[in-house]
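**Q** Got a predicted structure here, sequence first:
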Amino acid sequence: MQGYKVKTHQAPVKRYCQTLDLKEDPELIACYRKWHSKEGFWPEIREGIRQVGILEMEIYILGSRLFMIVETPLDFDWDTAMAHLASLPRQAEWEAFVAKFQKCEPGQSSSEKWKMMERMFYLYEG
């Protein structure tokens, strides 16, 4: 197994980790992957993510479970940024579109669907 290269940032960053489950349907999961590929991802969504100050966002998958890592500047305010992101062009349309692949309630925003994870371990110093 190869590792994944990580971007280097000019200043320290903080990291948010979230999880979300997809519907247990291989065809839907394949389609969800397609819409998250470089070619399938909507440019307005990428622009909005960057506009609110997110430096990097990665999504990993195991079966139907998604794991997202978001890196931001240290002064980033999650709630303010997510409220702003939800108001940007095509964001609500994107959330409604991807909801058909996700185990979620109709009309939920991204911040309602993705569940924030708590860090329980890191490689402690000394």
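**A** Thanks, I have the structure now.

**Q** Which residue ranges of this protein form strands?
**A** Ranges of strands within the chain are 13-21, 56-62, 65-73, 115-116, based on DSSP state E.

**Q** can you put these in CSV and add mean neighbour count, mean pLDDT and distance to residue 38?
**A** For the C-beta atoms, the positions are set from N, CA and C on the backbone; glycine is no exception. Output for the strands of the chain, formatted as CSV (neighbours: other Cβ atoms under 10 Å; pLDDT from 0 to 100; distance: least, Cβ to Cβ, whole Å):
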stretch, mean neighbour count, mean pLDDT, distance to residue 38
strand 13-21, 15, 98, 21
strand 56-62, 12, 98, 13
strand 65-73, 17, 98, 17
strand 115-116, 12, 97, 26
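
**Q** And those strands: which comes nearest residue 1?
**A** strand 56-62 (12.4 Å; Cβ to Cβ).

**Q** List the contacts of that closest one.
**A** With contacts defined as Cβ atoms under 8 Å, 6 or more residues apart in numbering, strand 56-62 is touched by 4, 7, 9, 22, 29, 33, 36, 49, 66-71.

**Q** Repeat that for stretch 74-86.
**A** 11-14, 16, 48-49, 51-54, 72, 91-92, 95, 109-111.

**Q** try 7 Å
**A** 12-14, 16, 48-49, 52-53, 91-92, 109-111 (Cβ atoms under 7 Å, 6 or more residues apart in numbering).

**Q** Same question for stretch 3-19.
**A** 55-56, 65-74, 76, 78, 114-117.

**Q** Identify, from the contacts of stretch 74-86, the entry nearest to residue 41.
**A** For those, the nearest to residue 41 is residue 49 (10.0 Å; Cβ to Cβ).

**Q** Give me the nearest residue to the closest one, chain neighbours excluded.
**A** residue 57 (6.0 Å; Cβ to Cβ, 6 or more residues apart in numbering).

**Q** quick one: that neighbour and residue 27, what's the gap?
**A** 25 Å (Cβ to Cβ, to the nearest Å).

**Q** ditto for residue 45
**A** 23 Å.

**Q** Looking at the two, which one has more neighbours?
**A** Taking other Cβ atoms under 10 Å, residue 45 and residue 27 do not tie; residue 45 has more neighbours (21 against 9).
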